[in-house]
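Novice: I'll drop the sequence and a predicted model, then ask my questions.
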There are 2 protein chains.
Amino acid sequence: METRIDRIKKQLHAASYKLTPQREATVRILLDHEEDHLSAEDVYLLVKDIAPEIGLATVYRTLELLTELKIVDKINFGDGVSRYDLRQEGAAHFHHHLVCLECGAVDEIQEDLLEDVEAVVEKRWNFQIKDHRLTFHGICWRCHDSGADKPEKDA
Amino acid sequence: METRIDRIKKQLHAASYKLTPQREATVRILLDHEEDHLSAEDVYLLVKDIAPEIGLATVYRTLELLTELKIVDKINFGDGVSRYDLRQEGAAHFHHHLVCLECGAVDEIQEDLLEDVEAVVEKRWNFQIKDHRLTFHGICWRCHDSGADKPEKDA
DNA sequence: TTATTATTTAGAATCATTCTTAATTAGTAA
DNA sequence: TTACTAATTAAGAATGATTCTAAATAATAA
């Protein structure tokens, strides 16, 4: 059976890159932390456990490469550190984020909520959209009283 | 007649800050470059022309202060540099951006396109939205052939 | 094998941003 | 005005994330 790693390997080969042990280890960490918005430093510390000889610069280079190939998305929540998220397989667009101003939690919205808005933008601003970034800042369900309900999982 | 500067002065006083000459010079630069998405360094170089004795750290401090007071918005297009935009007077939310992957131009959408989407997010994810960031990446009207029309100005 | 190219490591270098310290300025009360 | 106090600033040092450099290593092709 073909695994996600296998498919990423093919993607790399198609672009004439190799899946070196360091790159594979990095990808494995990202797969194990799909929703964690890891920084390069975070990835580095985690990947060192399974590939101790790896260097920080290699992690940066790998993340950059994966970003170019649209396997991961590089995000910036304004704290001066870039974070890296594995893109949903086959997703055309980047998922959205909810950043809590109270506790700092970052939740994800996988569903694409922007289809209507994008139709308007393409038409009215005559702009061919390739991707988008959407982040909401506010108070998450954990931090405000009015209904301590965990939202339903992504529709 | 009350100018924008006067109103900003009041806002500062209300929060018990002073509009020092350095701060005023910085605000003037921002007013003169409303759509330019200046970095702190850009602002510094421009402000030196009208207030030569100013230091870079002061520019940073001033921009940070103005950001806290929601007079300017700090944005990050992923190039490692923060940029600062004067917020439309009275606007509750930050405006959106169109970043051209071809020529690098950054256009603005002042209109709030997210009202419907936000209603969905507030309800379904049980999240109290305070602000948002929305950026589209793609090809601007200048760079793609199909209709070299400048879009109508913000509706 | 040898030559060539891609990749990595380690640490130095860079660059944006923040911090520190001492000096300056403004505001206030006498 | 003068003295006191707090806010603000300049200058440059310090920090921290990221990128670059040089030499070593691994993979690939001939």
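Specialist: Arrived safely, thanks for sending.
Novice: tell me the angle of the strand ranked longest in chain A relative to strand B:128-139?
Specialist: Assignment by DSSP state E gives strand A:128-139 as the longest strand of chain A. Here the directions of strand A:128-139 and strand B:128-139 differ by 160 degrees (axes from the mean of the first three to the mean of the last three C-alpha atoms, to 10 degrees).
Novice: Is the spatially most central residue of chain A in a helix, a strand, or coil?
Specialist: The geometric centre of chain A, computed from its C-alpha atoms, lies nearest to residue A:85 (C-alpha atoms, centre = their mean), at 1.7 Å. Counting by DSSP: H, G, I helix; E, B strand; the rest coil, the backbone at residue A:85 sits in strand.
Novice: So it is in contact with residue A:70, correct?
Specialist: No: Residue A:85 is beyond contact range of residue A:70, at 11.5 Å (criterion: C-beta atoms under 8 Å). Glycine gets a C-beta too; all of them are placed from N, C-alpha and C.
Novice: host element of the closest residue to the residue nearest to the centre of chain A other than its chain neighbours?
Specialist: With sequence-adjacent residues excluded and distances taken as C-beta to C-beta, 6 or more residues apart in numbering or on different chains, residue A:85 is closest to residue A:73, at 5.0 Å. Using DSSP states H and E, residue A:73 maps to strand A:72-76.
Novice: Parallel or antiparallel, which strands does that strand pair with?
Specialist: When pairing is defined by DSSP bridges, strand A:72-76 lines up against strand A:82-86 (antiparallel).
Novice: Please enumerate the helices of chain A.
Specialist: Listed in chain order, the helices of chain A (DSSP state H) span A:4-14, A:21-32, A:40-50, A:56-68, A:115-124.
Novice: now the angle from the shortest one to helix B:115-124?
Specialist: It stands for helix A:115-124. Going by the same axes, to 10 degrees, helix A:115-124 is angled at 170 degrees with respect to helix B:115-124.
Novice: Helix A:115-124 - contacts with which helices or strands?
Specialist: Packing partners of helix A:115-124 (3 or more C-beta pairs under 8 Å, 6 or more residues apart in numbering or on different chains; DSSP states H and E): strand A:128-139.
Novice: Can you list the buried residues in the strand it packs on?
Specialist: Of the residues in strand A:128-139, A:128, A:129, A:132, A:133, A:134, A:135, A:136, A:137, A:138, A:139 count as buried by neighbour count, 16 or more other C-beta atoms under 10 Å in any protein chain shown.
Novice: among the helices of chain A, which is nearest residue A:108?
Specialist: helix A:21-32 (14.3 Å; C-beta to C-beta).
Novice: near DNA strand C at all, the closest one?
Specialist: Yes: with C-beta under 7 Å from any atom of the strand as the criterion, DNA strand C is reached by helix A:21-32 at A:22, A:23.
Novice: From the chain's centroid, how far away is that helix?
Specialist: On the basis of C-alpha atoms, centre = their mean, to the nearest Å, helix A:21-32 sits 14 Å off its chain's mean C-alpha point.
Novice: Please list the residues outside that helix that contact it.
Specialist: Outside of helix A:21-32, the residues within contact range by C-beta atoms under 8 Å, 6 or more residues apart in numbering or on different chains are A:4-5, A:8-9, A:12, A:19, A:38, A:43, A:46-47, A:50-51, A:54, A:58-59, A:62-63, A:65-66, A:71-72, A:84, A:86.
Novice: contacts with DNA strand C among these, please.
Specialist: Among these, the ones lying near DNA strand C by C-beta under 7 Å from any atom of the strand are A:51, A:54, A:58, A:62.
Novice: Just give the nearest non-adjacent residue to the last one, would you?
Specialist: On the basis of C-beta to C-beta, 6+ apart, the spatially nearest residue to residue A:62 that is not a chain neighbour turns out to be residue A:26, at 4.6 Å.
Novice: What of the first one?
Specialist: Distances taken as C-beta to C-beta, 6+ apart place residue A:25 nearest to residue A:51, at 3.8 Å, with adjacent residues excluded.
Novice: With respect to DNA strand D, which of the ones next to DNA strand C among the contacts of helix A:21-32 is nearest?
Specialist: Within these, the smallest distance to DNA strand D is 8.4 Å, found for residue A:58 (C-beta to the nearest atom of the strand).
Novice: And residue A:38, how far from residue B:44?
Specialist: Residue A:38 sits 33 Å away from residue B:44, taking C-beta to C-beta, to the nearest Å as the criterion.
Novice: Get me the contact residues on chain A for DNA strand D.
Specialist: Residues of chain A lying near DNA strand D by C-beta under 7 Å from any atom of the strand: A:18, A:20, A:39, A:40, A:41, A:56, A:57, A:60, A:64, A:80, A:81, A:82.
Novice: show me where pLDDT drops low in chain A?
Specialist: A:146-155 (pLDDT under 70).
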